[in-house]
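Student: Below are the sequence and a predicted model; questions follow.
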Amino acid sequence: MKLWQTLLLLLSKFAPSGVRTVVDTNVLISGTIVRFGASARIVDAALAREIVLVVAPTLIDEYLDVIRRPHIAKRYREITPRVQDVVEFLHHRAIRVKGKVVEPVLNDPDDDFLLAAALEGKAKYIISGDEHLLELAHYRGIKILTPREFVEQMLSRKTASTT
């Protein structure tokens, strides 16, 4: 095998593949804590590189803040390995962007960074359970879906095509 063929093979194994997606903190938390359901399927898909996560520092900070809260850490001790996997993934395998808000859009400005991150990271989807985001439905060509909608529209197709 020629050197360029070997390099292409390595790149295809380690380069992110799949659709670029911004996942709201509420989906990441739910998908970490609960092992079944749409949010868990999305987190599993990200860890398996079926989708490419685009993240901003604000999202990582929110995730760490919530998942490390004493009442969560105490109640869900068995999820520690999964938390470590998700944190490692967010820091080293996700596409990191600044998520700097240029123009406020939402009634809840705390979520504007998700729109900014999606634009900056050229994401096709934002997955959230937040009503303010879901009311938009689309933002500059980016679809905003619930976890269930995303799984039904995007991940179930992928699962069906691989079986």
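Tutor: Perfect, thanks for sending it. Everything numeric here is computed off the predicted structure, so don't read it as measured data.
Student: Where does pLDDT dip in the chain?
Tutor: 1-2, 4-17, 102, 104, 106, 157-163 (pLDDT under 70).
Student: Okay, and the beta partners of the residue nearest to the spatial centre of it?
Tutor: Centroid-nearest residue in the chain, with CA atoms, centre = their mean: residue 23, separated by 3.4 Å. Residue 23 forms beta bridges with residue 127, as assigned by DSSP bridges.
Student: and it, what does it touch?
Tutor: By CB atoms under 8 Å, 6 or more residues apart in numbering, the contact list for residue 23 reads 31, 42, 43, 46, 53, 126, 127, 128. Placement of C-beta: from N, CA and C, glycine included.
Student: what about it, distance to residue 113?
Tutor: From residue 23 across to residue 113, the span is 13 Å (CB to CB, to the nearest Å).
Student: With residue 91 instead?
Tutor: According to CB to CB, residue 91 stands 18 Å off from residue 113.
Student: Those two: which has the busier surroundings?
Tutor: The neighbour comparison of residue 91 against residue 113 (other CB atoms under 10 Å) goes to residue 113, with 21 against 11.
Student: Residue 58 is in contact with the more buried one, correct?
Tutor: Yes - the criterion here is CB atoms under 8 Å, and residue 113 meets it with residue 58 at 4.7 Å.
Student: okay, and the common contacts of these two?
Tutor: Common neighbours of residue 113 and residue 58 (criterion: CB under 8 Å, 6+ apart): residue 99.
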